[in-house]
Every structure is written in structure tokens, then in C-alpha cells.
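Visitor: attaching a predicted model along with its sequence, questions to come.
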Amino acid sequence: MAGISRPRGTDDLLPERLAALEHAITVGTQVSSRYGYRRLQTPIFEASDLFVRGVGDATDVVRREMYTFEDRGGRSLTLRPEGTAPVVRAFWESELRQSPLPVRLSYSGPMFRYDRPGRGRYRQFHQFGVEVLGESEPELDAEVIAVAWRWLAELGVGGTSLQLNSIGDEACRPRYREALLQHFSSHLADLPELDRDRLARNPLRILDSKDPEMAPLLESAPRTTDYLCQDCVDAFDRVQEALRAYGIPYQLNPRLVRGLDYYQRTAFEVWHESLQGAQNSLFGGGRYDGLSEVLGYPKCPGVGFAAGLERVALLSRVAEPPPEPQIFALSADRAAAGAVIAVAEELRRSGLRVVADVGSRSLRGKMRTAERAGVDVVVIVGEAEMGQGAVTVRSLRAGTQESAAAAALLEAVGPLLTRSESGLGGVT
């Protein structure tokens, strides 16, 4: 079919898929609210420097994936590729910074990255995430993981494993970075161009390589946990102790790093058994105590996670589909259009889902549309009914038809609707 296609890497969220994503957000909001999290929303586009400084100019996100443009005022703006840096900015630019600490926040919305499209991966995608700002207690890292874990459980997502690591901080990471340089520098000729670039700009990034030929070198690379300072060791022990208290199983993964520069200490990912190879991560998060300072604000520790909703929705229990109409209100002739609209509005005020068909098609054609829609009841108004102050009520389930006074329409319609759908008391 000729026409303009949607851009590559995007998708139309048709009613059932949109319902699944909204269901995941609703459940996430409910679960996180039980832990004290409040929702916020940030703009879809931000000053580009927020991500260049916050995410890191050596990351794939900033160097290869951001949608950046100049507005009419000459300002460089970027479509939001991730949610944490905007949440931190919003914290400092609002009354949230005066709230009792820590501040617990959740968010959802579209993100944009020029990435290779795949199953559940789009260039415009949606995330649900939580952030805790203002305290560095390791138990908060475990709380964030608990929110994620309970969220997946309530969505019916099984087959997951929690991968856990500590990537150190500014006190011990320099030693680890030097160890990585020594390990990989002797194999420069064997490194793909992208990984050579990562090694030069930020050696930790090479651990996130998805090139299968890198697997042997990655397996023999130094482990982050062998280079942790005592403070990081103690914090990591407390995270694990808290996870055991939550009853959440985990696997220590000393090769795990996160894709953005602002992470330190705790890093985690949730893997799913159905996601194979380099893309086995369902989502992840971690601690980012230095992000506020990188963005030019005072020190403010933080920890959080973000999940791509497209992937989560693919694995979750099927949400209830969007509700279908229960009643079609049809005009038998053009003169009855106003009366049909009034009838439909009366029924909607009672909480019923009603489609009003007052077009110029024949009544037979309108009836065929109602039958294909699978509604319970059809209400018909024509000139004859208008003159008598009545309507014709037809039950498509029972195959019956009767005349009813317009003033008693609800009483006539109620018994013909299924109990679960009616919303009217006493309906059978």
C-alpha cells in the first residue's frame, strides 16, 4: 500500500499493546508507592549538555545514539535518551530539594536512542524507573532492587535472575582502570575498532562489549571486586545483607558494568532466560553518587533503576484488553440523530460504554456493524419512536426486541447486559 511509512525503529502502539504498557506502568506505580515513591514527569527534550555531562561523552549513548537538534534560539536540545539525569535536574530546580531526605521518585515516559532496532527494542521506547535521592545508605540500593523485583512478580514475569556487582568508586576505581588498560593493551590488534575506542576513552566501557569475539578476553579480564577499597567492600556487604532480608536471590557477577558513566559502587541487571546472548539483560540500575556534582549541583547521592517497558510487557501476563463498547445507539433515519445522541449521553452518564451511529447509512448496515462489534444491546430511535417518546431495545445475545419508554431506558437496558460489564447495580 502506497503512503508514508513510520520511521524505522518506531512502532505504533495499537490498543492492546498500549494497554499492556499502561498496565505495566500502573502496576509499577502501585508497587513503588507502597515503598513511599511519588510520581513525576520530566520534559521529553532537555539541554544537550545535561546528557553530555551526566551520561558521559565517552558513552555510546552520547557519541552515537542521541537525537540532538538546534532550536530557533540556537540552543542545542536533545530528545531524552534516559531518565536519571533529568530527574536529578528536576530535583534541584524544584521544591523537591527542600523535602525530607531521601526523596523517592518514580517516572515513566518515552525515551529516544538511535540504536539498532530489534525485538522489544525501538528508537522511541518507553521506560519505567525509580530514583532515590539524598542518602548513600547501601540498604537503599537493596530497596530499589526490591521494588523492581516485586514489580516483575506482580506482572507475572518469571524466569529472571538478579546479577549483582560493585564497580567501586573514585577511591579505588583508578587502580582497576589501570589493570584493565594493562590487560587489554597487549591485545590491541585483536580488539574491534569500537572497543579500541572505548579502551582509550573509558576502559570500563570495554567490559560492556557485545562483540562475541571479545568473550575470551573479557573472561580473563581483571574483576572489579578484586580492586575494591574497604569502604566499597563494606557497602557491598550491606547491600547483600539487605537483599537476603528481602528474600531476593542474586548472583554475583564481577564482569557486570553499566552503560552510562555516572554509575559507581552497586550495579545490577535483571536477566531473563528467554533473552539470549548479548541482549540477555531485561533492565538494570545502580548507584550514582557523583552525578549531581557532574551536572553542576551540590553533592547528592542517588540510586535507581530503569526498565524498557516494551521488553517487560512482552514477558508479562496479558493485561486486560481495552474495554469494548457495550451498546450501540442507532438512528433509523436522519431526523432521529439528535434523539440518538441524547439517548447515548444518558447511558454514558450511568457509566456505560456507548457508540452512537447517526450517519446516513441504512439501519441494516448499522446493525451489521453493531453485530460485528459484539455488543450486548442495540438501542434504535426513529421518527416513529420519537413521536411516542419511546426507543426500540434489541438484545443481540438473546435475539429479543422490545419497545421501552425513553424515560425508563436504563431499567430496560440493565437486565440485558452481562453482570461483569454492566456497572449497574442489580443487573443479572
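Guide: Happy to help now that I have it. Residues are numbered from 1 along each chain as shown.
Visitor: rest of the way, CA atoms for contacts and neighbours
Guide: Fine.
Visitor: any low-confidence regions in the protein?
Guide: By pLDDT under 70, the low-scoring segments of the chain are 1, 57-60, 119-120, 259-261, 275-279, 318-319, 418-428.
Visitor: show me how it divides into domains.
Guide: Here the domain parsing of the chain from automatic domain parsing is 15-172+228-315, 327-416.
Visitor: make JSON lines out of the ones you listed and add distance to Ser186.
Guide: Output for those, formatted as JSON lines (distance: least, CA to CA, whole Å):
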{"stretch": "domain 15-172+228-315", "distance to Ser186": "19"}
{"stretch": "domain 327-416", "distance to Ser186": "68"}
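Visitor: tell me where the stretch 201-350 of the chain has helices.
Guide: Taking DSSP state H, counting those that start in this stretch, the helices of the stretch 201-350 of the chain run over residues 215-219, 230-246, 291-294, 309-315, 337-349.
Visitor: let me fix that, I meant to ask about the stretch 1-150 of the chain.
Guide: 15-34, 48-54, 60, 84-92, 138-155.
Visitor: can you say which of those is nearest to Ser106?
Guide: Ser106 lies closest to helix 15-34 among those, at 7.2 Å (CA to CA).
Visitor: counting by contacts, list what that closest one packs against.
Guide: Contacts defined by 3 or more CA pairs under 8 Å, 6 or more residues apart in numbering; DSSP states H and E place helix 15-34 against strand 103-112, strand 124-133, helix 138-155, helix 309-315.
Visitor: can you list the helices of the stretch 1-150 of the chain in TSV and add mean neighbour count and distance to Gly338?
Guide: Formatted as TSV, these follow (neighbours: other CA atoms under 10 Å; distance: least, CA to CA, whole Å):
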stretch	mean neighbour count	distance to Gly338
helix 15-34	18	30
helix 48-54	20	53
helix 60	18	59
helix 84-92	20	49
helix 138-155	21	45
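Visitor: so which of the ones you listed comes closest to Leu204?
Guide: Per CA to CA, nearest to Leu204 of the helices of the stretch 1-150 of the chain: helix 60, 12.7 Å.
Visitor: ok, back up a step: okay, the helices of the stretch 201-350 of the chain, which one's buried deepest?
Guide: helix 309-315 (a mean of 21; mean count of other CA atoms under 10 Å).
Visitor: residues contacting that helix, please?
Guide: For helix 309-315, the external contacting residues (CA atoms under 8 Å, 6 or more residues apart in numbering) are 20-21, 24, 119-121, 125-128, 157, 282.
Visitor: could I have it exported to PDB, CA atoms only?
Guide: Output of helix 309-315 as PDB, limited to C-alpha atoms (Å, rounded to 0.1, in the frame of the first residue of the first chain):
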ATOM      1  CA  LEU A 309       8.600  -1.300  29.000                       C
ATOM      2  CA  GLU A 310       8.400  -2.900  25.600                       C
ATOM      3  CA  ARG A 311      10.500  -5.800  26.700                       C
ATOM      4  CA  VAL A 312       8.800  -6.100  30.100                       C
ATOM      5  CA  ALA A 313       5.400  -6.100  28.500                       C
ATOM      6  CA  LEU A 314       6.400  -8.900  26.100                       C
ATOM      7  CA  LEU A 315       7.100 -11.100  29.100                       C
END
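Visitor: centre of the chain to that helix, how far?
Guide: Relative to its parent chain, helix 309-315 has a centroid offset of 8 Å by CA atoms, centre = their mean, to the nearest Å.
Visitor: and for stretch 295-310?
Guide: 15 Å.
Visitor: renumber starting at 53 from here on
Guide: That works, and once the first residue is 53, the last one we named lands at stretch 347-362.
Visitor: start to end distance for that stretch?
Guide: By CA to CA, to the nearest Å, the extent of stretch 347-362 from end to end equals 30 Å.
Visitor: list the buried ones in that stretch?
Guide: 347, 352-362 (16 or more other CA atoms under 10 Å).
Visitor: rebuild the residues you listed as TSV, extending it with distance to Leu192.
Guide: Shown next, in TSV, are these (distance: CA to CA, whole Å):
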residue	distance to Leu192
Leu347	22
Cys352	14
Pro353	11
Gly354	9
Val355	7
Gly356	9
Phe357	12
Ala358	15
Ala359	18
Gly360	22
Leu361	23
Glu362	27
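Visitor: for Pro59, give its distance to Ala72.
Guide: As judged by CA to CA, Pro59 and Ala72 stand 22 Å apart.
Visitor: repeat for Ala387
Guide: Relative to Ala72, and taking CA to CA, Ala387 is found at 42 Å.
Visitor: what do you get for Val364?
Guide: With CA to CA as the criterion, Val364 and Ala72 are 9 Å apart.
Visitor: then Trp203?
Guide: 14 Å.
Visitor: just Gly356 next, same as before
Guide: Counting by CA to CA, the gap from Gly356 to Ala72 is 23 Å.
Visitor: ditto for Tyr314
Guide: 31 Å.
Visitor: what do you get for Glu98?
Guide: Applying CA to CA to Glu98 and Ala72 gives a distance of 28 Å.
Visitor: what's the answer for Ser160, then?
Guide: Per CA to CA, Ser160 is found 14 Å from Ala72.
Visitor: Gly337 too?
Guide: For Gly337 relative to Ala72 (CA to CA), the value is 23 Å.
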